[in-house]
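> Need a 3D model of the following:
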Amino acid sequence: MNMPASNSGERDSQNPSAVSATGRGRFRHVVVLGDVLLDAYHSIDKTPGKFEEALLPGTRDQWKISVISSAKIERAGSALALPRDATHALIFIEGNHAIESSGLLDARPEAFGQTLEELARAADEFEVTLNRLIQVAQAARLVIMVCTMYPPNYKAAARQRAAGAALAIFNDRVTKRAAEARVSLIDLRLTCNEPEDYDKPTQLSQSGLQKMANVIRFAMLELDGGARRSEVFF
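Below you'll find the model as predicted:
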């Protein structure tokens with residue numbers, strides 16, 4: 001596992017995402033805000049206990065994982081209540097599938113600027129959702145981590161370049177919002193970067209999921225010490 005790289009940003013003792021987990025013992029309840037584990041990974045058993053064992057083997061008595069979709073958060077509005085025993089929030093919206101299904105990679109626009117405009121409009125909508133998820137986690141005073149989107153793994157070089165360029169627009173919004181909120185970033189572009197990490201061009205394999213889970217677990221353990229600067233983990 002790679003070590004975290006610190007980034008710029010001042011220590012902020014008032015940062016809600018940096019609330020210390022000291023005194024909570026070894027138990028950690030991670031609330032995943034977003035759709036990544038719901039939409040793409042139907043094969044993961046979501047039964048309590050089995051879910052944790054699939055992602056964090058051997059730690060089921062120390063970790064609990066809940067997933068709340070972006071759509072559910074939007075529907076609930078101000079009435080949304082996160083689990084009372086939640087300790088960490090992992091914000092992760094997976095965009096590879098969305099870009100693939102949008103048809104943007106196959107479109108033949110009249111001008112290059114048209115494609116950029118369409119991508120920028122989609123990224124604007126994505127950023128609104130991302131900001132809402134960060135606000136929900138901050139209101140609950142959880143330790144917050146925001147994930148970048150991992151790159152796709154297309155065999156066709158031209159499609160891989162096009163998809164990577166599109167994803168960069170979305171990941172730019174992720175890093176900007178994480179920096180503004182002074183929360184830590186988990187950069188999956190540097191974690192899931194080998195062909196064996198993928199089952200499908202836009203879906204991680206079990207080994208890829210395990211690599212992702214390992215770096216997230218490492219980040220949580222590092223952040224449990226209390227208030228600190230925003231950092232990048234990979």
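> and Lys64, how many residues sit next to it?
19 (other Cβ atoms under 10 Å). In this view, the C-beta of every residue, glycine as well, is placed from N, C-alpha and C.
> May I have the strands that pair with the strand or helix carrying it, each with its orientation?
Counting by DSSP states H and E, the element that carries Lys64 is strand 63-68. Next to strand 63-68 in the sheet, as set by DSSP bridges, lie strand 28-33 (parallel).
> and the partner strand, what's its mean pLDDT?
Across strand 28-33, pLDDT averages out at 91.
> Need the residues that contact it.
Applying Cβ atoms under 8 Å, 6 or more residues apart in numbering, the contact partners of strand 28-33 are 21, 62-68, 70, 73, 82-83, 85-92, 133, 136-137, 142, 216, 220, 224.
> The same query, at a cut-off of 7 Å, please.
62-68, 73, 82-83, 85-92, 133, 136-137, 220 (Cβ atoms under 7 Å, 6 or more residues apart in numbering).
> tell me the angle of the lengthiest helix in the chain relative to strand 63-68?
Determined from DSSP state H, the single longest helix within the chain is helix 112-139. Between helix 112-139 and strand 63-68, the angle comes out at 130 degrees (axes from the mean of the first three to the mean of the last three Cα atoms, to 10 degrees).
> Quick check: buried residues in helix 112-139?
Neighbour-count burial for helix 112-139 flags 115, 118-119, 122-123, 126-127, 129-130, 132-134, 136-138 (criterion: 16 or more other Cβ atoms under 10 Å).
> Of those residues, which is the nearest to Arg177?
In terms of Cβ to Cβ, no member of these lies closer to Arg177 than Leu130, at 5.4 Å.
> ok, Thr202 - how many residues close by?
Residues lying near Thr202 (other Cβ under 10 Å) number 23.
> where does the chain have low pLDDT?
1-26, 36-43, 58-61, 97-98, 101-103, 107, 109-111, 227-228 (pLDDT under 70).
> Nearest the geometric middle of this structure, what residue?
The chain has Phe92 as the residue nearest its centroid, 2.4 Å off, counting by Cα atoms, centre = their mean.
> show me the contacts for Leu223.
Leu223 neighbours (Cβ under 7 Å, 6+ apart): Val143, Ser184.
> what's the spacing between it and Ile144?
Plainly put, Leu223 is 9 Å away from Ile144 if you go by Cβ to Cβ, to the nearest Å.
> now swap in Glu231 and tell me
In terms of Cβ to Cβ, Glu231 sits 12 Å off from Ile144.
> which one of those two has more residues nearby?
Neighbour count, other Cβ under 10 Å: between Glu231 and Ile144, Ile144 has more, with 28 against 18.
> May I ask which helix or strand encompasses the more buried one?
Per DSSP H and E, Ile144 falls inside strand 143-147.
> Distance from the chain centre to that strand, please.
Distance, stretch centre to chain centre, for strand 143-147: 7 Å (Cα atoms, centre = their mean, to the nearest Å).
> name the helices or strands packed onto it?
When contacts are defined as 3 or more Cβ pairs under 7 Å, 6 or more residues apart in numbering; DSSP states H and E, strand 143-147 packs onto strand 88-91, helix 112-139, strand 184-186, helix 206-223.
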